[in-house]
Structures are given as structure tokens and as C-alpha cells.
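> Attaching a predicted model along with its sequence, questions to come.
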Amino acid sequence: MENNGLNPAAVQESLLEAALAHVPFDGWSEASFQAAAQDAGVDLPLARVICPRGAVDLAAAYHRRGDAEMRLRLAQQDLSALRFRDRVALAVRLRLEVADRELVRRGAALSALPQNAATGSKLIWGTADAIWTALGDTSDDLNWYSKRTTLAAVYSATVLYWLGDTSEGDAATWEFLDRRIDNVMQVEKMKAQVRNNSLLRTVLAGPIWLAGKVRAPGAQAEDLPGQTKAEGPAA
């Protein structure tokens, strides 16, 4: 492939498209990566420059593509008549509907390896963040973290259930998802009760004050840890 005016994103997209035919058979593996480079007409050394971790980078690109497709589909929905919990459920459902079950199964196996655990966690967090952002979340305090942490757990559990679901139209998965979101709503009700109870607010004054100091990362933050109000942007 000609290197002049090289577009790394376009090369990675070509590699990803070529890999999709091999992953169901060979997983997100070195064999799939080499076959993708050959099919896409990309010199293997160049492919390794674009994707230093090989198939791991392609698996991550496939996951992020799914997040982008979910956002596009969600933007086309009329959400005005839906309760907020139903909007979240719809977003998770759309995210799974744009995914290929076997490719996700292979990706789950890849993420289960110790050396890829951090990457897998970051991708799941990115999905939760994409959903909340698409739904218009404006929180910038501890709620920014709690919403994404909770949704990441719900999404992860739902994906695992979906991978083994053989019901028609994945009906069992959507019922499972509704139950998990109902569980989350119960937790939110408990949090509201704490906020409205003067005695509990007094007892928990210290933790509540500390929690109020936590801020969401800036728009350009690459990592997930937050900062207190006094700290300002990370260097």
C-alpha cells in the first residue's frame, strides 16, 4: 500500500473490515490479524504500526464502532414519551442489536485474558459513557462516576446473558435487562431517601461533603480518575 498521504484511521478501518471474516473462525488472534492485512493489501509492518497490539486494537476498534452506531440509531429515536429508565434500556438494546454475537463472544474471550483486562474494562466504561452522553447527562460531580459505573455493570451482565440467549428475538435478554435496571432504580430510591433524611445527612455529613468535592474529568481527559474542585485540570 502506498504510504504517501497515509490515513491511519482509514487503514485501520480496512484492516477491521477484512478481519471480520476471519474472527468467527480464528478469534481476535494473530492469525486473523495477519490474514486481515493480506486481504486488505496492507503490508504487515505497516499494519503493526497502525495497530501495535495487533488484533487487540482491531477488537477495540470494532467495539468503538458499535458505540458510534448506537449513538446514531439512538439519535433517530423519539424518546419524548419514554421514562428515563426506558431510554437507558433502549440505548443498551440498540447497542447489542448493532453487534454480531460471535464477534462479541470472541471479544469477551480476548478481554478475559489478564493482559487485556484493562482494555476491556475501558471499552465497557466507554459504552456506558456513550449512552449517558447521548441521553444528555450533564452531571459533573460524583454522579458522573456512579451513573457510568452502574450502567457498565448492567451492560456487562446483559452482554453475558445475551451471549447465551436462544430465545426468539432475544426476548429473554430484554427481560433480564429490565430487571437489572429495576434493581438500579431501587438503589436510586434509597439514595434519594438518604438525601431527604435530615438525620442521615447529619450522620453522613463528612462523606457527603467529600463526595461533593469530586468532579468529572474534563472533555479531553484520557483516563477516568476524577479530581476535586480544588485541584483544577490535570497536568
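Here it is on my side, so go on.

> tell me the SS of Asp140?
Look at Asp140: counting by DSSP: H, G, I helix; E, B strand; the rest coil, its state is coil.

> distance of it from Ala130?
Relative to Ala130, Asp140 is positioned 17 Å away (Cβ to Cβ, to the nearest Å). For glycine as for every other residue, the C-beta is placed from the backbone atoms N, C-alpha and C.

> dump the residue contacts of Leu44.
Residues near Leu44 by Cβ atoms under 8 Å, 6 or more residues apart in numbering: Gln34, Ala37, Gln38.

> Name the member of those residues with the most neighbours.
Ala37 (25 neighbours; other Cβ atoms under 10 Å).

> And the next helix or strand past whichever strand or helix holds that one?
In this structure, Ala37 sits in helix 30-40 according to DSSP states H and E. Following helix 30-40 in sequence order, the next helix or strand is helix 44-50 (DSSP H and E).

> any idea how far the helix holding Ala37 is from the chain center?
For helix 30-40, the separation from the chain centroid amounts to 26 Å (computed by Cα atoms, centre = their mean, to the nearest Å).

> That one packs against which elements?
Packed against helix 30-40 by the contact rule (3 or more Cβ pairs under 8 Å, 6 or more residues apart in numbering; DSSP states H and E) you find helix 8-19, helix 23-26, helix 44-50, helix 55-75.

> Let's have those in TSV, adding distance to Trp125 and mean pLDDT.
Listed next are the helices and strands packed on helix 30-40 as TSV, based on distance: least, Cβ to Cβ, whole Å; pLDDT from 0 to 100:
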stretch	distance to Trp125	mean pLDDT
helix 8-19	21	97
helix 23-26	23	97
helix 44-50	24	97
helix 55-75	11	98
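
> Make TSV from those helices and add distance to Gly136 to it.
Formatted as TSV, the helices and strands packed on helix 30-40 follow (distance: least, Cβ to Cβ, whole Å):
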stretch	distance to Gly136
helix 8-19	28
helix 23-26	34
helix 44-50	34
helix 55-75	11
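
> Ok, which of those comes nearest Leu103?
Closest of the helices and strands packed on helix 30-40 to Leu103 is helix 23-26, at 5.6 Å (criterion: Cβ to Cβ).

> Just the CA trace of that closest one, in CSV.
Only the C-alpha atoms of helix 23-26 are listed here, as CSV (Å, rounded to 0.1, in the frame of the first residue of the first chain):
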residue,chain,number,x,y,z
VAL,A,23,-12.6,-13.6,13.6
PRO,A,24,-15.5,-16.1,13.8
PHE,A,25,-13.1,-18.9,13.0
ASP,A,26,-9.8,-17.8,14.5
